[in-house]
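Enquirer: just the structure for this:
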Amino acid sequence: MLSYSAITKVNDRERAEGLGVAFEKLNPPPVGVGVFELEDGSGEWEVGAYFHNRPDELSILILENAFEASGIIISEIPETDWVSKVKRDLSPVEAGRFFVFGKHDSKKLPKDRVGLLIEASMAFGTGHHGTTKGCLLALDKLIKREVKIDNVIDIGCGTAVLAMAIGKVISAKIIASDTDQVAVEVALKNLKANKLEKRITCLHATGFEDALIKSARPFDLIFANILKPTLIDLAPSIRSYLKRSGYAIISGILDVQAIEVIKFYRKNNLEVIDRIDLGEWVTLTLISSE
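Expert: Residues are numbered from 1 along each chain as shown. Purely as a prediction, here's the structure:
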């Protein structure tokens, strides 16, 4: 018996995530959806949906045009292939003490690791990308330093995996925010799946432009796993929203961009205390020097 895939590439994160949600709303719905940034530095995102029955081609064409996708290819595949792909795309990721996994891998969670559950239908930033894994490794190192962290914000939170990671190991006040309402909805679902919905406040906000965020400042730790242009724009705000000697963990930086980003943050009185390179991606841990 055959099943079907519908796969495409999109060159914008917001449209990619929106297309993933739109796939889920098709009738009949897909049995699995994946949204992943390609790790080749192209900035493109792959969006795929897997169906028991062939999806309606007109509906697919409408989505292709609506989200400016580069051609959604419908293919016939053996029924078990979609399961293999979803499980492969959401295979467990180990990053220091943290273990990111899908529900189908719940039994693989080691007793000595901090589990972060990400469902297949919530696959926007699952720890597989070098930037997310780098941030988790950086957080693990920071926790080992036994620094005081009472107030945290995750800017551009996506799945909220970083906010959840610190929420599971430290009793801090935590805010997770994203400019994309879809990401916020995904984050809220993940918080509930990890029983952290009462511990972490999730907001739809651009940068630090929210009354609750402004009232919560200053922060001991700021996460910003975004992309270089936004990281550059946010640097002054990150510094002003940090406590003196507070920390920032930033990523979304290609290795060829790292020197420029480091220089810019240094001008804003943020000094690098740790750097993690994973493939082409760099994660930086910084401390405010004023």
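
Enquirer: now residue 231: which helix or strand?
Expert: When secondary structure is defined by DSSP states H and E, residue 231 falls within helix 228-241.

Enquirer: right, and the helix or strand after that helix?
Expert: For helix 228-241, the succeeding helix or strand toward the C-terminus, using DSSP H and E, is strand 242-254.

Enquirer: within its sheet, name the partner strands of that following strand and how each one runs.
Expert: Partner strands and pairing direction for strand 242-254 (DSSP bridges) are strand 219-225 (parallel), strand 281-288 (antiparallel).

Enquirer: what residues does it touch?
Expert: Applying C-beta atoms under 8 Å, 6 or more residues apart in numbering, the set of residues contacting strand 242-254 from outside is 41, 131-132, 134-135, 138-139, 142, 147, 149, 151, 162, 218-228, 230-231, 238, 261, 265, 270, 280-288, 290. All C-beta atoms are positioned from the backbone trio N, CA, C, and that covers glycine.

Enquirer: looking at the strands paired with strand 242-254, which is buried most?
Expert: The highest mean neighbour count among the strands paired with strand 242-254, using mean count of other C-beta atoms under 10 Å, belongs to strand 219-225: a mean of 25.

Enquirer: so where's this protein shaky on pLDDT?
Expert: Where the chain drops to pLDDT under 70, the residues are 1-2, 39-40, 78-90, 119-129, 290.

Enquirer: which residue ranges of the stretch 1-150 of the chain form strands?
Expert: Chain-ordered strands for the stretch 1-150 of the chain, with DSSP state E, counting those that start in this stretch as the definition, fall at 2-10, 32-37, 45-51, 73-78, 93-95, 98-101, 114-117.

Enquirer: show me where the chain has its helices.
Expert: For the chain, applying DSSP state H gives helices covering 13-24, 57-66, 81-89, 130-144, 161-167, 181-193, 211-216, 228-241, 258-267.

Enquirer: show me what the longest one is packed against.
Expert: In this case it means helix 130-144. With contacts taken as 3 or more C-beta pairs under 8 Å, 6 or more residues apart in numbering; DSSP states H and E, helix 130-144 sits against strand 93-95, strand 98-101, helix 161-167, strand 219-225, strand 242-254, strand 270-278, strand 281-288.

Enquirer: can you rerun that using 7 Å?
Expert: If contacts are counted by 3 or more C-beta pairs under 7 Å, 6 or more residues apart in numbering; DSSP states H and E, helix 130-144 sits against strand 93-95, helix 161-167, strand 219-225, strand 242-254, strand 270-278, strand 281-288.

Enquirer: having no further points to raise, I will conclude here.
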